[in-house]
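Q: here's my sequence, what's the structure:
(one chain, ligands or ions: 1)
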Amino acid sequence: MFPDFASQKQHTQEDIQILRNMGIPEWLLQPTVVDPEEACPLNQVGLSPRLIERCEEQGLANFFAVQMKVIPVFLRRQALYDSRHAPGDLCISAPTGSGKTMAYVLPIVDILSKRVVTRLRALIVLPTRDLVQQVKETFDAFVKGTNLKVGIAVGQHSYGHERSILVGNSSETLDGGVSKVDILIATPGRLMDHLKETPNFTLQHLRFLVIDEADRLLNQNYQDWLNHILSATRPPPLTDDTKKACISLKTNPFGVMASDAMAPSFIASRFNLPTTDLDLPKIPSVQKLLFSATLTKDPGKIASLHLVDPEYISVQGMDGTQQQYATPAGLKEHMTMCATAKKPVVLIYLLYQLKVKRGLCFTKSVESARQLRLLLDAYNKALPADQALVIVEYSSDLANSKRKALMKQFKDGQVDLMICSDLIGRGIDLDNVATVISYDIPLFMDKYIHRVGRTARAGRQGTAYTLVENKEGRYFKEMLRQAGHFQQLERLDIARQDLEPLEAGYQAAMDSLDQEQE
Ligand SMILES: Nc1ncnc2c1ncn2[C@@H]1O[C@H](COP(=O)(O)OP(=O)(O)OP(=O)(O)O)[C@@H](O)[C@H]1O
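A: Model prediction:
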């Protein structure tokens, strides 16, 4: 396994030298570190008055640390952009719930709102359909009042329908492509379909490529998606065929070259036009932006991104340590050890004795989420109505409409506990989650961080409990220790006599379930 330098508490010069020798680039060793407690007024990051007004309408009073730091760098790098130099890439790591989405949505909307012609200029890649929907909602809130168009490609509609939304229905193929949207938010799979199959779909005009939840996406090598996307942003190499194309320039009825719509760097490559000493080289304008709560330090994965002049901004504690796994300041983390057979009763104790409300409960699989929900339903049934909790199950098996309805119910505060597998462990923004329970331990540290990060978002308070079976204790603690995170968790010891009064109800629930299943 790749050694995880960021989990070490302090870097000595010696450590840094070792990491350098391992191929970790200098910029990744020296991030700009930002204090998560910082915030600034809305008018101090360089956004236009229209967008500031929109932020106020959305109820924002100030910008969080990640936004305060990233938006100005983003705007400055674009302002300095000319066709001879790429604008330079950005990598951002910041805790869960710290406001990373708006850190890219706002500057992208601000910059693109000055555009004249619609072309696909911003592409946001996310790992799941739910996250795409969520980021679309954020864009929709801020493009209001501009004529920017935002589209999604997730495979929710038929391919043909999605194609007509993205590029229209024209049968003519144009060198410069066609786009009905300025901003596209997509999952890698559907994006690959359009890159391969959709005529006129092109990334040559792209100015922003955002890879959100970067770690998870870089771990998925679905159809080599990253390479395909990156090469679609670059002009193809000049071949004999493309050279011939210079004598077949298409013109429209007014004699204007159809290739007019091509990106400058693609025109130069496509037509092999004669150059003079005064012609300046044209290079693609795309700026790559990587966002993650847990940014990879794997040199191989970093190299695969072909970053240009990258800058690394890391929002984390200011105690001089570099942590790969920074968690929100308002989060309290607990672990409770128990025998495997006692886990359901411990959960019942947390729910009914500690009166957990607005909770998310993670299980290891869809199947165990179902079992747990059935058990809690049976337990609930035996209680007086005023003590019963509203417990629902959220799973990838549900239809989209049902999932949306459950999310809404939760957001409206009508759900006490939502049981799910890791489907919503990452990125989903339910702003009122008060408690996260990991009923089954997460097997990897980044999964733990993303799960607990569903609470204590946007500067709020939240509590996380992880139920650890005695036999898993050593593994789980070692995982935390290696990540330099062990000290953050408090042990919650539940006395046997506290569980005893709940045993009878639990047993009765189990019996009634057994009877139903017979
Ligand atoms: N400046 C702000 N003021 C108030 N609320 C904000 C601000 N910025 C973001 N938020 C809210 O904070 C919540 C978390 O933001 P967001 O989903 O972008 O977090 P994130 O850093 O992407 O988290 P994750 O890594 O878990 O995906 C959202 O509900 C968002 O609306």
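Q: can you list contacts of stretch 58-65?
A: Contact partners of stretch 58-65, identified using C-beta atoms under 8 Å, 6 or more residues apart in numbering, comprise 34-42, 44-45, 71, 94, 98-99, 141-142, 315, 458-459. The C-beta positions use only the backbone N, C-alpha and C, and glycine is treated the same way.
Q: let's see which of those residues end up in strands.
A: Of those, the ones assigned to strands by DSSP state E are Val34, Ala39, Cys40, Pro41, Val315.
Q: test of understanding: give the bridge partners of the last one.
A: For Val315, the beta-bridge assignment (DSSP bridges) gives partners Val34.
Q: can you count the residues close to the residue lying closest to Phe64 once chain neighbours are set aside?
A: Nearest residue to Phe64, sequence neighbours excluded (C-beta to C-beta, 6 or more residues apart in numbering): Gly99, at 4.1 Å. Look at Gly99: counted by other C-beta atoms under 10 Å, it has 22 neighbours.
Q: with Val286 instead?
A: Using other C-beta under 10 Å, Val286 has 26 neighbouring residues.
Q: how far away is it from Pro107?
A: From Val286 over to Pro107 the distance is 15 Å, taken as C-beta to C-beta, to the nearest Å.
Q: list the contacts for the one residue in the stretch 401-518 of the chain that gets nearest to the ligand?
A: Per C-beta to the nearest ligand atom, Ala458 is where the stretch 401-518 of the chain lies closest to the ligand, at 3.1 Å. Shown in contact with Ala458 (C-beta under 8 Å, 6+ apart): Phe64, Gly97, Ser98, Gly99, Asp431.
Q: which of the residues you listed lies closest to Met510?
A: Asp431 (35.4 Å; C-beta to C-beta).
Q: sticking with the closest one, tell me its helix or strand.
A: Asp431 belongs to no helix or strand when elements are defined using DSSP states H and E.
Q: just give the nearest non-adjacent residue to it, would you?
A: Excluding the flanking residues, the one nearest Asp431 by C-beta to C-beta, 6+ apart is Arg457, at 5.9 Å.
Q: show me where the stretch 51-200 of the chain dips below the pLDDT cut-off.
A: When residues are selected by pLDDT under 70, those of the stretch 51-200 of the chain lie in 79-85.
Q: any idea how far Asp422 is from the residue nearest to Asp431?
A: 18 Å.
Q: repeat for Ser401
A: According to C-beta to C-beta, Ser401 and Asp422 sit 22 Å apart.
Q: out of the two, which sits in the busier spot?
A: Asp422 (18 against 8).
Q: ok, back up a step: in a markdown table, list the ones in strands among the contacts of stretch 58-65 along with neighbour count and pLDDT.
A: Listed next are these as a markdown table, based on neighbours: other C-beta atoms under 10 Å; pLDDT from 0 to 100:
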| residue | neighbour count | pLDDT |
| --- | --- | --- |
| Val34 | 20 | 88 |
| Ala39 | 15 | 91 |
| Cys40 | 16 | 95 |
| Pro41 | 11 | 95 |
| Val315 | 29 | 88 |
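Q: now narrow those residues to whatever sits close to the ligand.
A: By C-beta under 6 Å from any ligand atom, no member of those lies near the ligand.
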